[in-house]
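>>> Build me a model from this:
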Amino acid sequence: ACLVGSEMCIRDSPLQIIVGYAEMAILDESVPEHLRTVSQRIYDSAIRASKIVRNLREFARQREPIREPVDMRQVIDRVIDLLEYEFISSGIEVVRDYSEIPLIMADQNQMQQVILNLLKNSHDAIVETGKGRGRIDISVRQDHGKVVITVSDTGIGIPDELINRVFEPFFTTKPVGKGTGLGLSITYGIIRAHNGNISVRSKRGEGTTFTIELPA
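Got it, this is the predicted structure:
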């Protein structure tokens, strides 16, 4: 069931039923207003549940990467193009700083997922500040046989007591209903499967930086 105005299709049968009835109630003007409000909450929760199920499936089926020569600058450019409207709408400036780099042997689709997860995380962190604007800096360089990718944002930041947990499955610092807590876990798993490393540093109220190191 593909929902009108929804960003995704619901393919889980129990959720199809919940979403279908909730949507009928929302659109039926003969239903009392307070019941339509409740139905909207049910609808929103079912959409969120479906996202969690989808992410769980991705997390569970992590496979060995299909390796081919990849230019990470091209991967990053494609993801930025994909998210361009979201960045513009949120008043976010994306600044790229690319150096000459060697290719890496990697699964291109998985690398795109990594960059997508990090950029969406930065986007949400900036929006959470409520300032209506922000900046994401992305640098790509080589260092002693490694390709180093850095993603820095001017978002809300992560408290010191939580920063060591950001790669844990289901852990999230986002408001209730805004995140499943699997994006960074999936990212961590992909990078490790490529014999790479990912680290994070952050300061509450000032922003966050993720650094990825991949063998050239």
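>>> any chance you could map the strands in the chain?
With strands called from DSSP state E, the chain shows them at 68-70, 92-98, 104-106, 134-143, 146-153, 197-203, 207-215.
>>> And the fourth one, what does it pack against?
Applying 3 or more Cβ pairs under 8 Å, 6 or more residues apart in numbering; DSSP states H and E, one finds that strand 134-143 contacts helix 72-89, strand 92-98, helix 108-129, strand 146-153. The C-beta positions use only the backbone N, C-alpha and C, and glycine is treated the same way.
>>> Not counting it itself, show me its contacts.
Here strand 134-143 makes contact (Cβ atoms under 8 Å, 6 or more residues apart in numbering) with 72-73, 76, 80, 87, 90-102, 119, 122-123, 126-127, 147-155, 213, 216.
>>> Can you say which of the residues you listed are buried?
Buried by 16 or more other Cβ atoms under 10 Å: 72-73, 76, 80, 87, 92, 94, 101, 119, 122-123, 126-127, 147-149, 151-155, 213, out of the contacts of strand 134-143.
>>> Phi first, then psi, for the residue nearest to Glu206 when sequence neighbours are not counted.
Once flanking residues are discounted, Glu206 sits nearest to Gly157: 5.5 Å by Cβ to Cβ, 6 or more residues apart in numbering. Phi and psi for Gly157, reported as degrees, to the nearest 10, are phi 80, psi 170.
>>> pLDDT score for Gly157?
Among the per-residue scores, Gly157 holds a pLDDT of 93.
>>> My read is that it contacts Val200, right?
No: using Cβ atoms under 8 Å, Gly157 makes no contact with Val200, being 10.8 Å away.
>>> Against Phe167, how distant is the residue nearest to Glu206?
Distance check for Gly157 against Phe167: by Cβ to Cβ, to the nearest Å, it reads 17 Å.
>>> ok, the nearest residue to Val75 once chain neighbours are set aside - contacts?
Nearest residue to Val75, sequence neighbours excluded (Cβ to Cβ, 6+ apart): Met111, at 4.9 Å. Residues near Met111 by Cβ under 8 Å, 6+ apart: Val70, Met72, Val75, Ile190.
>>> in the chain, which ranges drop under the pLDDT threshold?
1-13, 48-49, 51-65, 169-182 (pLDDT under 70).
>>> what's near enough to touch the spatially most central residue of the chain?
Nearest to the mean C-alpha position of the chain, by Cα atoms, centre = their mean, lies Asn117 at 3.0 Å. Listed by Cβ under 8 Å, 6+ apart, the contact set of Asn117 reads Gly183, Leu184, Ile186, Thr187.
>>> Generate a PyMOL selection restricted to the buried subset of the residues you listed.
Buried subset of these, written as a PyMOL selection, criterion 16+ other Cβ under 10 Å:
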select buried, resi 183+184+186+187
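>>> which of the contacts of Asn117 sit farthest apart?
With Cβ to Cβ as the measure, no two of the contacts of Asn117 lie farther apart than Leu184 and Ile186, at 7.3 Å.
>>> Distance of Ala22 relative to Val31?
11 Å.
>>> most distant residue from the middle of this structure?
Outermost in the chain, Cα atoms, centre = their mean: Ser30 at 38.8 Å.
>>> sorry, back to before: who has more neighbours, Gly157 and Val200?
Counted by other Cβ atoms under 10 Å, Gly157 and Val200 do not tie: Gly157 has more neighbours, with 19 against 16.
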